[in-house]
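Peer 1: Build the 3D model from these lines:
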Amino acid sequence: MKLLVVDVQKGITNDRLYAYESFISNITRLIDAARKNNVEVIYVQHDDGPGSGFSTADEAFEIADQVAPVGNGKVFCKTINSCFGNADLAEYLKQTGEKELMIIGLQTNFCIDATVKSAFERGYKVIIPEGTNSTFDNDYMDAETTYKYYNEMMWPGRFAECVSMEKAIALLEE
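Peer 2: As a prediction, the model looks like this:
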């Protein structure tokens, strides 16, 4: 199994996110458990391009301090919603032969959803731990409704196995 940490970047990791405190607590707990159990943690950052304020030279682009990589952890950049838009990441995952991905991060209704569905289409078993993705209010739904729509209706039984934090920790410990 690999733990994929998606877009937890300084520019969008703040208390406007749905269930922000528990989101941060849960993802740091999973990252710590993965490291303790020698499960590779792979980081992905979204780059909106030069001049956007959310690109490689910008502070907002940097991985949030709470979850920053340790040592020589793998970090990939992407310019589209799905992490599989980065050919190097897609090839790396393919070469490792790994078939299970635990996906956590931001934002539920954009990059997490696109990555979940892209991983599923590529034959990966996708695991989504409860409370480890989040988003903001939008013009159509508040953040809580958006979170529940994907985690309770869209992904389970279709694209991913949505599990409790306890089960996610147990999976990392196997």
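
Peer 1: A119 is in contact with I103, isn't it?
Peer 2: Yes. Counting by CB atoms under 8 Å, A119 sits close enough to I103 to count as a contact (6.9 Å). Quick note: C-beta positions are derived from backbone N, CA and C, even for glycine.

Peer 1: Show me which of the two is the more surrounded one.
Peer 2: I103 (26 against 23; other CB atoms under 10 Å).

Peer 1: can I assume that one sits in a strand?
Peer 2: Yes. Counting by DSSP: H, G, I helix; E, B strand; the rest coil, I103 is located in a strand.

Peer 1: Please identify the buried residues of stretch 97-104?
Peer 2: Using 16 or more other CB atoms under 10 Å as the test for burial, stretch 97-104 gives 101-104.

Peer 1: related to what we said a few turns ago, if I look at A119 and I103, which residues touch both of them?
Peer 2: Listed contacts common to A119 and I103 are V126; contacts here mean CB atoms under 8 Å, 6 or more residues apart in numbering.

Peer 1: hmm, what's the outermost residue in the protein?
Peer 2: G51 (24.7 Å; CA atoms, centre = their mean).

Peer 1: can you tell me the helix or strand for that residue?
Peer 2: Using DSSP states H and E, G51 is not contained in any helix or strand.

Peer 1: which residues touch it?
Peer 2: By CB under 8 Å, 6+ apart, no residues touch G51.

Peer 1: Report pLDDT for it.
Peer 2: G51 is assigned 94 on the pLDDT scale.

Peer 1: Can you list phi and psi of it for me?
Peer 2: Main-chain dihedrals, G51, degrees, to the nearest 10: phi 80, psi 0.
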